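Undergrad: Quick one, what's the 3D model for this:
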Amino acid sequence: MTEDEVRAQAYAMPLTSPAYPKPPFRFVDREFVIISYRTDPEALARVVPAPLRPAEPIVKYEFIKMPDSSGLGSYTESGQVIPVSYGGAPGGFTHAMYLDSEAGIASGRELLGFPKVLAQPRLEVRNDALVGTLDYNGVRVATATMAYKWKALDHDAVAASLAAPGYLLKILPHVDGTARICELVKVHIADVTVKGAWTGPAALELHPHALAPVSRLPVLEVLSATHVLTDLTIVGGEVVHDYLA
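TA: Residues are numbered from 1 along each chain as shown. Purely as a prediction, here's the structure:
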């Protein structure tokens, strides 16, 4: 290959067989269970990077089942999103994310900076309850339960919440291990169609793990829970702050 051919073809690793296609990524029948809980404000302050600011001592713990993801297939995620503000405007900072897809991990981390790590999340219906579990190498890290389709929610309000800005800390290293890229990325979501949305009673339990430390943001009180079925597109992002500039 010539240098021009390399430049024309290269966008992801490996060069001749990239792990994922180019964006945008369309998700059909994407299913969320989001449990909002109150946590320790000091613990929260230790993990939110400036210039973001925590909005309240609240964390949203998510389980997301994605059976139809363009270019990525079918997989499940679980993790924590923290309500924040940036320049006075509200948004959400993705603090932790665990999933069972190599393509999903590679695309999310390399393109936008999602903090994706390989693990074993599940979201399923067991009789009258939605049950979300997260295992890391066979060790239980999180368990969530929610009443199934207990009370319907307004679709427009839920769609607006899903389209709110998301923020990610994207870090890519030099070959010597120092940071070559360290940026705050704002994620763009479009074409949101809410097919169903419900709330109901919920519970969340987090367990300590050295390599999946979701319990460092402890559950002090469960505040609310949302179950959503939707179609949406992640169209890309923009760099809003460069830590190395």
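Undergrad: residues contacting Leu15?
TA: Val6, Gln9 (C-beta atoms under 8 Å, 6 or more residues apart in numbering). C-beta here means a position set from N, CA and C on the backbone, and glycine is covered the same way.
Undergrad: Checking it next. Helix, strand or coil?
TA: Local secondary structure at Leu15 is given as coil here, using DSSP: H, G, I helix; E, B strand; the rest coil.
Undergrad: if I look at the closest residue in space to Trp150 that isn't next to it in sequence, how far off is Leu220?
TA: Nearest non-adjacent residue to Trp150, counting by C-beta to C-beta, 6 or more residues apart in numbering: Gly200, 2.6 Å away. For Gly200, the distance to Leu220 equals 20 Å [C-beta to C-beta, to the nearest Å].
Undergrad: what's the answer for Asp40, then?
TA: In terms of C-beta to C-beta, Asp40 sits 7 Å off from Leu220.
Undergrad: residue ranges of the helices in this protein, please?
TA: 3-9, 41-45, 102-107, 155-162 (DSSP state H).
Undergrad: Quick one, which of those helices gets closest to Asp68.
TA: For the helices of the chain, proximity to Asp68 was assessed by C-beta to C-beta; helix 102-107 is nearest, at 13.0 Å.
Undergrad: Tell me the gap between that closest one and the middle of its chain.
TA: Distance of helix 102-107 from the chain centroid (C-alpha atoms, centre = their mean, to the nearest Å) equals 13 Å.
Undergrad: Over to stretch 188-201?
TA: 15 Å.
Undergrad: Then stretch 194-214?
TA: Mean-position distance between stretch 194-214 and its chain equals 12 Å (C-alpha atoms, centre = their mean).
Undergrad: avg pLDDT for that stretch?
TA: Across stretch 194-214, the average pLDDT comes to 98.
Undergrad: Buried residues of it, list them for me.
TA: The neighbour-count check on stretch 194-214 (16 or more other C-beta atoms under 10 Å) flags Val194, Ala197, Trp198, Thr199, Gly200, Ala202, Leu204, Leu206, His209, Ala212, Val214 as buried.
Undergrad: likewise stretch 58-66?
TA: Ile58, Val59, Lys60, Tyr61, Glu62, Phe63, Ile64, Lys65, Met66.
Undergrad: all strands of this protein, in order?
TA: Remark: strands assigned in the chain by DSSP state E are 25-38, 53-54, 58-69, 73-86, 89-99, 116-118, 120-126, 129-136, 139-147, 151-152, 166-173, 179-199, 202-206, 221-242.
Undergrad: Save these as JSON lines, and put in distance to Ala12 too.
TA: Below are these laid out as JSON lines (distance: least, C-beta to C-beta, whole Å):
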{"stretch": "strand 25-38", "distance to Ala12": "13"}
{"stretch": "strand 53-54", "distance to Ala12": "33"}
{"stretch": "strand 58-69", "distance to Ala12": "16"}
{"stretch": "strand 73-86", "distance to Ala12": "16"}
{"stretch": "strand 89-99", "distance to Ala12": "18"}
{"stretch": "strand 116-118", "distance to Ala12": "15"}
{"stretch": "strand 120-126", "distance to Ala12": "24"}
{"stretch": "strand 129-136", "distance to Ala12": "26"}
{"stretch": "strand 139-147", "distance to Ala12": "29"}
{"stretch": "strand 151-152", "distance to Ala12": "41"}
{"stretch": "strand 166-173", "distance to Ala12": "13"}
{"stretch": "strand 179-199", "distance to Ala12": "15"}
{"stretch": "strand 202-206", "distance to Ala12": "33"}
{"stretch": "strand 221-242", "distance to Ala12": "14"}
